[in-house]
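S.K.: the sequence and its predicted three-dimensional model are supplied below.
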Amino acid sequence: MSYDKIKINIKEVDELNIKSHLNTSLEAEGISVSEDLINRTLEAIKSDNDQDVELDKAPVFMSGRIRTLVTVVAALLILAVGINAIRLNIPYGMMLDNATDQAKSYDNTTAENDMAFSEASDQYDDSVDGIDSYNLDAYEFTTNTEDAGKDTSVKYGEATVGALPDNEVEDKAELTVHGYEMTFTEMVLIESEAVKSITITSILGQGEREITGHDEVKEFYWMMDNYIYQQGSGDYEDMLYTVDIIGASLDGRLLIGDSNIVVELTNKDAVSQSIYTASDHGKLIEEMKNFIND
Amino acid sequence: MQKDNQNDIENSSPAYEIEALIREYGNDVLRTAYMYVKDIHTAEDIFQEVFIKVNKNLSTFQGNSSIKTWIIRITINACKDYLKSAYKRRVVPMMEYQEDAIVSQSDFDEVNNQDTNQMIKDTILSLPAKYKDVVLCVYYQEMTIAEAAQALDIPEGTAKSRLSRARQKLKDMLERRISDEL
């Protein structure tokens, strides 16, 4: 081949037809893709794909297990946090529900005790006798009773305190917590001034006494306030005395048994029940007997 | 109908696509690789490596350039990676050897015995790498300046100026060789 032709074409490199020259040269050297190379490449690609699948499978398996574990742990944590949150800050409505359930469970009580809640808490807008304010959050109450003239404390613990109105309370009372101990007034939530009548009845037929006078009521409260009451547990037991307290808007019934006192508070058709023990229960029963006979 | 559907599935399968790409662009890849590494076995290894990468990343190819530009870009990068690793292993790159060899008397004698194709090929391959890159992309791979710039990951203006200088160098080198031949 004459180099003169090249000389002419050098003026414009692209006119050298570089691609053609290169391909011709490379083909002459045998630089071309063979079927064997294609097949080897496809094999290598397939092998690479298989490796990728194997590598992908294990992490997917592991991550799936880990995801499940994480989900379960997260659910348990949420459940635990939720339960604690409910325990610490149970809504008022939920306490009403508990009271309803508890009321329904006492199937061995008299018909008049078998009351159930049918309305939500916001329906109870009547005032509580002798109680000015209270806070149901975390079951903690601060009470300042006028009779005692001192700060006393009460904690309801797991007691159901349904049927307590959240407005229009009359007297100035502030509920405070000091453990689970409380006075009689704090237990029944009815101040002596708001009491219309109290009827003490001996179940064993030892008599009955109804008091309506303010002095008699104060005397009864003074007697009952000599004891410290604590949140108790258990169920209804054989009753010795019943104490029916009729208040301005809140009624209370005490069912005094051998070892505990069941307090039922009624506000219209809403009822709450709690069980307490007195600091000296035997002496209290003795005083109840004497009070009836006075 | 069912047979047609089956054919469609087969035609759209990745295995079919990669084989089609190998058959269509295989020579471009192998020859480009060879022109960089100047060893057929190494070029074949790079050929396999390139199509494995193409197969892996085919689903992510966004079509911002032609598929050929994309594949050649992978090829050039694979070759440069190989040459870099070869340099690290203290292996004298063939390109440098070629450049050094070209200036020797014996190589000029050898060039004089080659035909035009071989001479042009050797001259191109003896260009400095940055000029050879752009010459191969534009003239051998028939890319536009923009495509070459994309394949080489350089600005378009740089590609254009390099091509201009490459043409001048190629012209000078060929003229020198021809004059020596004559």
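M.R.: Noted; the coordinates are in hand.
S.K.: what score does B:Met35 have for pLDDT?
M.R.: pLDDT recorded at B:Met35 is 90.
S.K.: repeat for B:Ser161
M.R.: Note on B:Ser161: pLDDT of 92.
S.K.: what secondary structure does it sit in?
M.R.: B:Ser161 carries the three-state label helix when classified by DSSP: H, G, I helix; E, B strand; the rest coil.
S.K.: count of residues packed around it?
M.R.: Number of residues near B:Ser161 (other C-beta atoms under 10 Å in any protein chain shown) recorded here: 12. Any C-beta I mention is one placed from the backbone N, CA and C, and that applies to glycine too.
S.K.: element containing the residue lying closest to A:Ile211 once chain neighbours are set aside?
M.R.: Counting by C-beta to C-beta, 6 or more residues apart in numbering or on different chains, the nearest residue to A:Ile211 once its immediate chain neighbours are dropped is A:Ile198, at 5.0 Å. Counting by DSSP states H and E, the secondary-structure element that holds A:Ile198 is strand A:195-202.
S.K.: neighbouring contacts of whichever helix or strand comes after that strand?
M.R.: Elements were assigned by DSSP H and E; along the chain past strand A:195-202, the next helix or strand is strand A:208-211. In this structure, residues lying in contact with strand A:208-211 by C-beta atoms under 8 Å, 6 or more residues apart in numbering or on different chains are A:Ser197, A:Ile198, A:Thr199, A:Ile200, A:Thr201, A:Ser202, A:Val217, A:Phe220, A:Phe291, A:Ile292, A:Asp294.
S.K.: remind me what the next helix or strand after strand A:208-211 packs against, helices and strands.
M.R.: On the C-terminal side of strand A:208-211, the closest following helix or strand by DSSP H and E is helix A:214-224. Using 3 or more C-beta pairs under 8 Å, 6 or more residues apart in numbering or on different chains; DSSP states H and E as the contact criterion, the elements in contact with helix A:214-224 are helix A:184-188, strand A:195-202, helix A:281-293.
S.K.: in its sheet, what does the strand holding A:Ile198 sit against?
M.R.: Strand A:195-202 has these partner strands in its sheet, going by DSSP bridges: strand A:208-211 (antiparallel), strand A:239-247 (antiparallel).
S.K.: most packed of the ones you listed?
M.R.: strand A:239-247 (a mean of 20; mean count of other C-beta atoms under 10 Å in any protein chain shown).
S.K.: give me the angle between that strand and helix A:281-293.
M.R.: Angle between the axes of strand A:239-247 and helix A:281-293 is 60 degrees (criterion: axes from the mean of the first three to the mean of the last three C-alpha atoms, to 10 degrees).
S.K.: now strand A:239-247: mean pLDDT?
M.R.: Averaging pLDDT along strand A:239-247 yields 89.
S.K.: quickly run through the sheet partners of the following helix or strand past that strand, with directions.
M.R.: Taking DSSP H and E as the definition, the helix or strand that follows strand A:239-247 towards the C-terminus is strand A:251-257. Counting by DSSP bridges, the strands paired with strand A:251-257 are strand A:239-247 (antiparallel), strand A:261-267 (antiparallel).
S.K.: helices of chain B, residue ranges please.
M.R.: Counting by DSSP state H, chain B has helices at residues B:2-12, B:14-37, B:40-57, B:67-88, B:94-102, B:105-113, B:116-125, B:129-135, B:145-152, B:156-181.
S.K.: quick one: closest of those to A:Ala75.
M.R.: With distances scored as C-beta to C-beta, the stretch of these nearest to A:Ala75 is helix B:40-57 (38.3 Å).
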